[in-house]
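Generate coordinates for the sequence data below:
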Amino acid sequence: MDEHANAHAAPREGAQRALRAGLVSYLIGLGLAVALTLASFWAAGTNLIWSPGVPIALAVLAIAQMGVHLVFFLHISSSPDNTNNILALAFGILIVSLVVAGSLWIMANLDANMLPMDQLMRMQR
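Predicted coordinates:
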């Protein structure tokens, strides 16, 4: 009878350990995300960082924030079973890059081909 009880307790303990490990991972990710968010607000509002360097500092903190989210919340890793997740992420990045680059290209083209304001005003009269 005692062996039967131990056989059922072992999987339960393993599941509880996995649950605790997952919870610790999420809490570490939450702590890092909050710390990076606070660091971003600090960097934007302080005079201790050279003014032209603030956008660079914010970009670095944003990339770190994305890394924390990918690793701790989306569980993206380089393990072989995550190949589809990495491919989906790469495809998403490609699509967003194409949309942003295309939008910038269109806006630059419109800016280059637009008439000056005084000529536009004369055409409306």
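
Okay, the nearest residue to Ile28 once chain neighbours are set aside and Val34: tell me how far apart.
Once flanking residues are discounted, Ile28 sits nearest to Phe72: 6.4 Å by C-beta to C-beta, 6 or more residues apart in numbering. All C-beta spots, glycine's among them, are computed from the backbone N, C-alpha and C. Distance, Phe72 to Val34, by C-beta to C-beta, to the nearest Å: 12 Å.

try Ser78
From Ser78 across to Val34, the span is 26 Å (C-beta to C-beta).

Tell me how this protein divides into domains.
The chain breaks down into these domains under automatic domain parsing: 1-75, 80-125.

ok, longest helix in this structure?
helix 2-45 (DSSP state H).

what's the offset of that one from the middle of its chain?
The chain centroid and the centroid of helix 2-45 are separated by 20 Å, computed with C-alpha atoms, centre = their mean, to the nearest Å.

could you give me the average pLDDT of it?
On average, the pLDDT along helix 2-45 is 86.
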